[in-house]
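Colleague: Show me how the following folds:
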Amino acid sequence: MWGVGKTFMDQFNEDEYAAEREQNQYFPFASKPDWEMASYILRSDLSMAEIDEYLNLKFTKTLPLSFRSSRELRGRAELLPAPPQWKYQKITTKFPTTKTLQIFYRDAIKCLQSLLSHPLLAASFDFIPCKVYESAERAVRVYHGFMTGDHTWNLQKDLPEGASLLGVVLSSDKTKVSNIAGNRYAHPLLVSLANIDPGVRAKGSLHAYIPLALLPVAKFLHRNKRMHGVLADRLLHQCINLGVEPLKQAACLGIMMSDPWGFSRYCFTPLIAYVADTPQELVIACATMNSSPVTMATREDFGDPIRHPPRDGSSTLANIAAIITSISPSDHIVFFKACKHYNINSVDLPFWRNWLTANPSSFLTPELLHHLHKMFWDHDRLWCTTVVGSQEIDFHFALLQVCTGYHAFKEGISTLKQATGRGHHNIQWYIIGVIAGAAPADFISAIWALMEFTVAQKAPHFTNKQVVDLDRCLKVFHRFKQSIIDASAWRGKGGGDKPWVIPKLELLQGVVPSIYSHGAVMQWSTDPTEHVHIKVVKEPARAGNNHDYDAQVCRHLDRRNKVDLALQMRAQEDHKRDEDNEGGLGQHFVKDYFACARDLINGVHPQAPRPYRTFSTSINAYHLSYDPTHTKMTVDKAAENFSLPDLHPAVSDYLDQVDAHVDNFAVGGRRHAHPGCPLPFERIQVWCKIRTQSKSFHDPAKLEPTQTLHAQPPSIQATCTSGQKVDWMVCFYVYTVTLLLLTNTGHFVAHLRLIFRPITTLSYSKTYLAYVERLDVVTLDDSTGMYILRRARRANNDRIGDVIPITQIVAPVHLIPHFGPKADPRLTMQSSINHATEFYLNKFWNKELFFALHVTSR
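Modeller: Residues are numbered from 1 along each chain as shown. Predicted coordinates for the structure are as follows:
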C-alpha cells in the first residue's frame, strides 16, 4: 500500500455535475422511472429512428419523461459522468489502401483503472502471488488462477519491494459485421486483468473484458496480392503498439493506481496472456503458417509426441535484426523471402518487442474453443464419420434421447456444414458412446484420449496428480494414433500415409506447461470475448446507419459506458449484486432452490401448500409444480397408465420399510408384498416432471442451473415392414430420464418412471416418492472409459423396480444404447432406450458428471 487513493464513488463524484446530483441523484434525468426508461433505451440496440418511433406512441407520450426524442435522450446521456474517452488517430502506411485508415482507441491505463474501480468486481481481485497446497504437508500443489502459477512468482520477485503486479490480458478477433452493407469487418481489441478471479472473468455479464481499441481493417492496393497479408500483419502490430504503449511504459517504470478499496498501489503491467484464435496467434508471434506460434516445431513436427523447444521472443527479434542489417523491411518481397528462412512472417516491428518480460511462447496461452473444440470439429468428427460411415453415425445420433435443454441431432451430423461452439460441445458429449462397438477398439481409444484431454482441461483448478493424468491422456492418443491411419480415416490423396500436419495437435503439448506457469487453462478461453464482440461490435452496428462505421460504434459505446457507469454507481449505493440491480449488471441469474427451501422451512411463506413443493438435502434441491399433473389418480390406474405392473406391491414394500425406520431405500431384492395386498390409501397425486438443482463439484458454494426431469407415461407404437404387416410392437417413452441415486450401499443408476405422493391423513403423505427401475454395472469398458450398464431383472425376467423418496435422487445422467456395428433399423429415438439391453453411462454428458465419475474411477 502507498497511501490513500480514490474509490469508485470518489471518481464518480468528481464530475462537474456532482452538485446537481446531490439535489437529484438521477440527474440529468428527472426521476427514477425517467432514468430507468432512459437507461433501458440507451443500452438497447435500437436505432435513432426506432427510438423516435417509440417515443411518439400515444401511450409513451402520456409518461412523465424528460426527453421526447432520440436526439434529446442522447444529449442528456452526454451529461453523465464519463468513463475512459475514445479518441482516434490517422494511420499512415507505406502502401496505399482503399480508404483512409483510422484507429479508435482509449487510454489503456484509464481502462485498467476502470476495471480496478468496478464495484461488481471489487471482491474478485487478487494482488498477492501464492502457492496453494491441499494440506499442511505441502505434498500436493493446487493451480487455480494466474496468481497461483509459477510465472507470477518469477515476475513478482523482480519488482520493487511493495509493488503490485497487474497482469494484462489482451484479446482480439476480426469479426464480420454485415454481409449486406459493404461486407464490413471490425477488429476490436479487448483488455482485462489476470488478477480478476477466473470464474468472474469468464462471465460476460460482469464486463471483465472491456474494449481498448477498434483496429482498422485495411484493403491494400499492392500489385502483388501475396504482400497484402504481409502488409495487414504489419498494420496489426503497428496499431496494437499504439494502443498498448502506456502499458509498456508502466511495465517498465510502474504507475500509481487506486485499488478497489481506495488504496494507492505502485503497479507494474506485464503482458500475461493474449487470447486469440490460431491464425491470429501466428500473426502475433510473427510466425509463418507452417510453423507453431509457441515452439520451434514446423509442419513436419506437428504430430510428434513431445514438446519442441519454445519459440523465444528474443530469438525472433534477433533474427529480424540480422535480416534488417542486409535487407530493408520496405523491400517487402525480398524481406519476406529472407524471413521465410527463419519461419518469420515479415513483421519487422512486433508490438511486444519492448514490452518488458513479454514473450510470445509464454503469453500465447492454450485456448479451448479453437485449439480443442475446433480441432474436434475439423478432425475427430470427420475421422469418426469415415470409420463408422456417414449414414450409420447419423442414425446413431438420431436415436439418442436427450434431456430437456440439450441439443438433439435428429438429422445426424455428417451433413452439418457449420455449427456454433455449443454445437461442437454437444456432438463431443455423445461421440464416444455413438461410435462404441461400431469402430475398432484402438481407434476408439485414440478418440477417447483426446476427449478425456479436452474435458479434463475444463477443471477450474488442478493438482499435480491431475496435471499428470492430463499429460497421460495426450500420451495415450499418440500411442493409438496409428489406429486412425489403419482405419483409413487419415489418408493422403493417393491413399498413402498422410503426415500429421495438424497445427492444433502440436499446440496441445503446451497445455501442461501452461497450467504450471499460468494456472488453469479454462480462464484463457475466447468464449467470454466472443460474447463481448456482440456488445462491442454487432449491436452498435445494428443501431447505426452504415456511415462512418467506426466513429458511430465509438459514440454508441461511449453512451453505453456512461450508462453502465451510472448503473454501477446505483449498485454501489444500494449494496446490490444481482441481476435485479437498476438495469442488471449482475451475473447471469440462476434461481436458488436451496434458498427457496430454506425460506419455506423458516416460515417466510406461511400460505404455501404442504408438503412444500420445494425442498432440499445437503447436496440437492428439488422443485415440483404447484398443481400435480393428475390430482386424484388411483394406484391401480397409475400402474396401468405408466405400465408398472408391480407398482402396488412396490408401494407396500416401501411402506413396510418406512414403518421399520429404514433411512436409505434400496432398489431390488426379494418382493415381499403380493399384487393384491391392501394399502392404507387408494389415490395418489402424480407429477410428470420435477426440477433438480445441485452444487458445483469443485465449488459447493456455486449452484448449477436447474435440470428438468420427465416421468411421462409410455405410448404404444406399431412399426410396420414394407408389406404393411405389424411385426414389432414398441412401448416407448417420450423421455426416459436416467438418474444417479444414493443408497446406504453407495450410488446406482436407475430409470425414472413415476413421481407421486400418497393422498392420506397418515404421515406417508409428507414425502414425495418416485418409482425407479434399476440398472446394474457390468464392467468398465477400457476403450471408451465408460461404465457398461444392463437392466436389472428378477428371476422371472421382470425389470427390477422399487419406490424410493425423491430425495435419494442425486443427479440426472445420460445413457447411450449399445448399438453395436449396426443399429437395428426399426429403432426410433423414442424406442431406443426401452428396446436396448446394454447401455454406456455417458460420463462426457456434462462437466459435473465427468469430474464426479473421474474421481470415482480412479
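Colleague: Could you find the closest non-adjacent residue to the residue nearest the centre of the chain?
Modeller: Nearest to the geometric centre of the chain sits residue 527, at 6.2 Å (C-alpha atoms, centre = their mean). In this structure, residue 527 finds its nearest non-sequential neighbour in residue 369, 6.0 Å apart by C-beta to C-beta, 6 or more residues apart in numbering. Where C-beta positions appear, they are placed from N, C-alpha and C, glycine not excepted.
Colleague: for the one you found, what are its contacts?
Modeller: Contacts of residue 369 were listed using C-beta atoms under 8 Å, 6 or more residues apart in numbering, and they are 277, 421, 525, 526, 527, 530.
Colleague: What is the lowest-pLDDT residue among those residues?
Modeller: In terms of pLDDT, residue 421 ranks lowest among those, with 68.
Colleague: now the strands for the stretch 401-550 of the chain?
Modeller: For the stretch 401-550 of the chain, strands defined by DSSP state E, counting those that start in this stretch occupy the ranges 462-463.
Colleague: mind showing which ranges of it have poor pLDDT?
Modeller: Counting by pLDDT under 70, the stretch 401-550 of the chain has low-confidence residues at 421, 491-498, 538-539, 541-549.
Colleague: hey, where'd the helices end up in it?
Modeller: Using DSSP state H, counting those that start in this stretch, the helices of the stretch 401-550 of the chain run over residues 421-435, 441-456, 464-480, 482-486, 503-507, 511-518, 527-533, 539-543, 549-574.
Colleague: Indicate which one of these is closest to residue 642.
Modeller: helix 421-435 (27.3 Å; C-beta to C-beta).
Colleague: ok and the closest one relative to helix 441-456, angle-wise?
Modeller: On the basis of axes from the mean of the first three to the mean of the last three C-alpha atoms, to 10 degrees, helix 421-435 is oriented at 150 degrees to helix 441-456.
Colleague: Can I get helix 421-435 in CSV, CA atoms only?
Modeller: The C-alpha atoms that make up helix 421-435 are tabulated as CSV, following Å, rounded to 0.1, in the frame of the first residue of the first chain:
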residue,chain,number,x,y,z
GLY,A,421,-19.2,-23.6,-30.3
ARG,A,422,-22.2,-25.0,-28.4
GLY,A,423,-22.9,-27.4,-31.3
HIS,A,424,-19.3,-28.6,-31.2
HIS,A,425,-19.7,-29.3,-27.4
ASN,A,426,-22.9,-31.2,-27.9
ILE,A,427,-21.5,-33.5,-30.5
GLN,A,428,-18.4,-34.1,-28.4
TRP,A,429,-20.6,-35.1,-25.4
TYR,A,430,-22.1,-38.0,-27.4
ILE,A,431,-19.4,-39.1,-29.9
ILE,A,432,-17.6,-41.7,-27.8
GLY,A,433,-20.8,-43.7,-27.0
VAL,A,434,-22.1,-43.3,-30.5
ILE,A,435,-19.1,-44.9,-32.2
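Colleague: Check which helices and strands it is in contact with.
Modeller: Under the contact definition 3 or more C-beta pairs under 8 Å, 6 or more residues apart in numbering; DSSP states H and E, helix 421-435 sits against helix 381-388, helix 390-399, helix 441-456, strand 815-817.
Colleague: elements contacting whichever helix or strand comes after the shortest one?
Modeller: Sequence order places helix 832-835 as the next helix or strand after strand 815-817, per DSSP states H and E. Contacts defined by 3+ C-beta pairs under 8 Å, 6+ apart place helix 832-835 against strand 726-732, strand 815-817.
Colleague: and helix 832-835, average pLDDT?
Modeller: Per-residue scores along helix 832-835 average to 85.
Colleague: Now do the contacts for residue 667.
Modeller: Neighbours of residue 667 in contact, by C-beta under 8 Å, 6+ apart: 741, 743, 748, 750, 772, 773, 774, 792, 800, 801, 802, 804.
Colleague: Derive a PyMOL selection command for the buried subset of those residues.
Modeller: In PyMOL, this line selects whichever of those come out buried by 16 or more other C-beta atoms under 10 Å:
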select buried, resi 741+748+750+772+773+774+792+800+801+802+804
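Colleague: Dump the contacts of residue 667 into CSV; add pLDDT, secondary structure and distance to residue 84 as well.
Modeller: As requested, the contacts of residue 667 are exported to CSV (pLDDT from 0 to 100; DSSP: H, G, I helix; E, B strand; the rest coil; distance: C-beta to C-beta, whole Å):
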residue, pLDDT, secondary structure, distance to residue 84
741, 63, strand, 54
743, 61, strand, 58
748, 85, strand, 57
750, 91, strand, 57
772, 94, strand, 58
773, 92, strand, 61
774, 92, strand, 61
792, 92, coil, 64
800, 93, coil, 66
801, 94, strand, 64
802, 94, strand, 64
804, 94, strand, 58
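Colleague: From residue 845, how far off is the closest residue to residue 832 other than its chain neighbours?
Modeller: Nearest residue to residue 832, sequence neighbours excluded (C-beta to C-beta, 6+ apart): residue 399, at 4.2 Å. Relative to residue 845, residue 399 is positioned 16 Å away (C-beta to C-beta, to the nearest Å).
Colleague: And residue 342, by the same measure?
Modeller: With C-beta to C-beta as the criterion, residue 342 and residue 845 are 47 Å apart.
Colleague: Who has more neighbours out of those two?
Modeller: Set residue 342 next to residue 845 and count neighbours by other C-beta atoms under 10 Å: residue 845 wins out with 22 against 18.
Colleague: tell me which element the more buried one is part of?
Modeller: Counting by DSSP H and E, residue 845 is found in no helix or strand.
Colleague: Enumerate every residue touching the spatially closest residue to it that is not a sequence neighbour.
Modeller: Closest residue to residue 845 apart from its sequence neighbours, by C-beta to C-beta, 6+ apart: residue 814 at 3.9 Å. Contacts for residue 814 (C-beta under 8 Å, 6+ apart) come out as 402, 403, 429, 738, 841, 842, 845, 849.
Colleague: for residue 294, same thing?
Modeller: 281, 285, 310, 311, 360, 361, 364, 507, 510.
Colleague: Looking only at residue counts, what's the top helix in this protein?
Modeller: Secondary structure of the chain read by DSSP state H shows that its longest helix is helix 226-253.
Colleague: next helix or strand past that one?
Modeller: strand 255-258.
Colleague: partner strands of that next one, parallel or antiparallel?
Modeller: Using DSSP bridges, the strands paired with strand 255-258 in its sheet are strand 264-268 (antiparallel).
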